[in-house]
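S.K.: Any chance you can model this:
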Amino acid sequence: MRRILATCLSSIAFACGEAGASLDAGPAEAGPKADALASADSGAADSGDARDATAPQPDAQPDGGFLFEDAGQGCPENVIPLITVPFGDTARYYVETKLEGRAVALQLDTGSALSFLFQGAGAPDYTPNVASVELGCESLRLAGRGLPAPSGLVGTGLPVVGLLGMEHLLDAPSLLDVRAATLTRFQARPDALIDARAKLSFRFDTVQQHALVPCTLDGVAVRLMFDTGGGDTLWVGQMGRPGDQRVEVQDAEGTIFPIFVGTATLAFPDGETRTIRAARAPRFPYFEETVAALGGNLHGLLGVTAFPRESLLISGAEGRFYVLGR
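M.R.: Numbers count the residues shown, from 1 in each chain. Below you'll find the model as predicted:
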């Protein structure tokens, strides 16, 4: 069975792939990245063989696709439960919210710069200020995109009505704790928490509301986009290694190509070295558009599984991740 890589742009110039698919096949994505969506053919690694930002980003709202109607006064910490849905060997994450008084879900996907609501295939590509959603003790006014919502329900039977993108995590200090199944936003930098629990920190570059992390994989200097939607780390432009599992994948444009799933050694400039689960892709044609869109020097995706026992505090103001121990 072939895996599908659902990829698309947060830029309004492109439509998402796999939009309208069932949740078993993955909801529509809005990030320049890949998600493995099903089981796959496999074999030992062998010789074998990533959107265009030239179109302007929507500017009807500052720095992205949402506006805060309520700054969360009296809410110094907005703790939002995460809904975790198993997805192959990894997981996808959703947050419960309210839209026009009814309980719904947004997929947390930092491969998308923008946060938005699915408006259906017949709607305009991008419409600012479509509707407000209640997310914990905050209210967000989201844009809409002309994409169909995925079928299927998550959590306690909630429909997925849109995406919560990287801009949300960059806007205020945000703690992603997948083991505790929470996403927490702070009004101010949580100094005491960082001092007590940070075991590692590393910087990132903010490019068009994406977090691009300089690091090394197997001793090679790379820059990876932080991506909560893809699970594992993906290294583009690399052949498989002995012992890797070969998987045939298909991107949103229908291109079929192999990736090789195994491990890699990840290191940060001012931190530790760790062995992580990673996939290598000799080529990812659709991702090559992403590389050009974001100005080059982008080699793949940094997945959540690189931090299996820790939580991540994202400080957009500092351009820094803090890895927190238990």
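
S.K.: Flag every buried residue along stretch 223-240.
M.R.: 223-238, 240 (16 or more other Cβ atoms under 10 Å). Glycine gets a C-beta too; all of them are placed from N, C-alpha and C.

S.K.: Tell me which entries of these lie within strands.
M.R.: Using DSSP state E, Arg223, Leu224, Met225, Phe226, Asp227, Thr233, Leu234, Trp235, Val236 are the members of these that sit in strands.

S.K.: Three-state assignment for Leu169, please.
M.R.: helix (DSSP: H, G, I helix; E, B strand; the rest coil).

S.K.: for it, what are its contacts?
M.R.: Contacts for Leu169 were tallied using Cβ atoms under 8 Å, 6 or more residues apart in numbering; they are Thr110, Leu176, Ala211, Ile314, Gly316.

S.K.: can you list the weak-confidence ranges in the stretch 51-200 of the chain?
M.R.: Residues of the stretch 51-200 of the chain meeting the criterion pLDDT under 70: 51-74.

S.K.: So which residues of it form helices?
M.R.: 166-171, 191-197 (DSSP state H, counting those that start in this stretch).

S.K.: quick one: which of the ones you listed is nearest Gln250?
M.R.: Shortest distance between Gln250 and the helices of the stretch 51-200 of the chain, using Cβ to Cβ, is found for helix 166-171: 25.1 Å.

S.K.: Now do that closest one: distance to the chain's middle.
M.R.: From the chain centre to the centre of helix 166-171 is a distance of 11 Å (Cα atoms, centre = their mean, to the nearest Å).

S.K.: Which helix or strand contains the residue nearest to Gln238 when sequence neighbours are not counted?
M.R.: Excluding the flanking residues, the one nearest Gln238 by Cβ to Cβ, 6 or more residues apart in numbering is Arg280, at 3.9 Å. Assessed by DSSP states H and E, Arg280 sits inside strand 273-281.

S.K.: what angle separates the helix or strand following that strand from strand 273-281?
M.R.: The first helix or strand that comes after strand 273-281 along the chain, using DSSP H and E, is helix 285-293. Relative orientation of helix 285-293 and strand 273-281, computed by axes from the mean of the first three to the mean of the last three Cα atoms, to 10 degrees: 120 degrees.

S.K.: would you put the C-alpha positions of helix 285-293 in CSV?
M.R.: Output of helix 285-293 as CSV, limited to C-alpha atoms (Å, rounded to 0.1, in the frame of the first residue of the first chain):
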residue,chain,number,x,y,z
PRO,A,285,9.6,17.6,-5.9
TYR,A,286,6.8,19.6,-4.3
PHE,A,287,9.0,20.6,-1.4
GLU,A,288,11.5,22.1,-3.8
GLU,A,289,8.9,24.8,-4.4
THR,A,290,8.9,25.4,-0.6
VAL,A,291,12.6,25.8,-0.5
ALA,A,292,12.5,28.4,-3.2
ALA,A,293,9.5,30.2,-1.6
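
S.K.: So for that helix, mean pLDDT?
M.R.: Average pLDDT, helix 285-293: 87.

S.K.: Quick one: residues in contact with the following helix or strand past that helix.
M.R.: Downstream of helix 285-293, the first helix or strand assigned by DSSP H and E is strand 300-303. Identification of contacts with strand 300-303 by Cβ under 8 Å, 6+ apart yields 33-34, 50, 90, 111, 213, 215, 222, 224-227, 230-237, 276-278, 281, 287.

S.K.: Ok, stretch 95-102 next?
M.R.: By Cβ under 8 Å, 6+ apart, stretch 95-102 touches 80-83, 103-106, 108, 117, 131, 133-135, 155, 158, 161, 164, 183.

S.K.: Burial check on the residue nearest to Val104 when sequence neighbours are not counted, number of neighbours?
M.R.: Using Cβ to Cβ, 6+ apart and skipping residues adjacent in sequence, the residue nearest Val104 is Val161, 4.5 Å away. As a burial measure, Val161 scores 22 neighbours (other Cβ atoms under 10 Å).

S.K.: I'd say Val161 and Phe118 touch.
M.R.: Yes - Val161 lies in contact with Phe118 (Cβ atoms under 8 Å); the separation is 6.1 Å.

S.K.: Mutual contacts of these two, please.
M.R.: In contact with both Val161 and Phe118: Ala149, using Cβ under 8 Å, 6+ apart.

S.K.: now, of the helices of the stretch 51-200 of the chain, which is deepest in the fold?
M.R.: helix 166-171 (a mean of 25; mean count of other Cβ atoms under 10 Å).

S.K.: pLDDT for the ones in strands among the buried residues of stretch 223-240 - can I get that in TSV?
M.R.: As requested, these are exported to TSV (pLDDT from 0 to 100):
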residue	pLDDT
Arg223	97
Leu224	97
Met225	96
Phe226	97
Asp227	92
Thr233	95
Leu234	94
Trp235	97
Val236	96
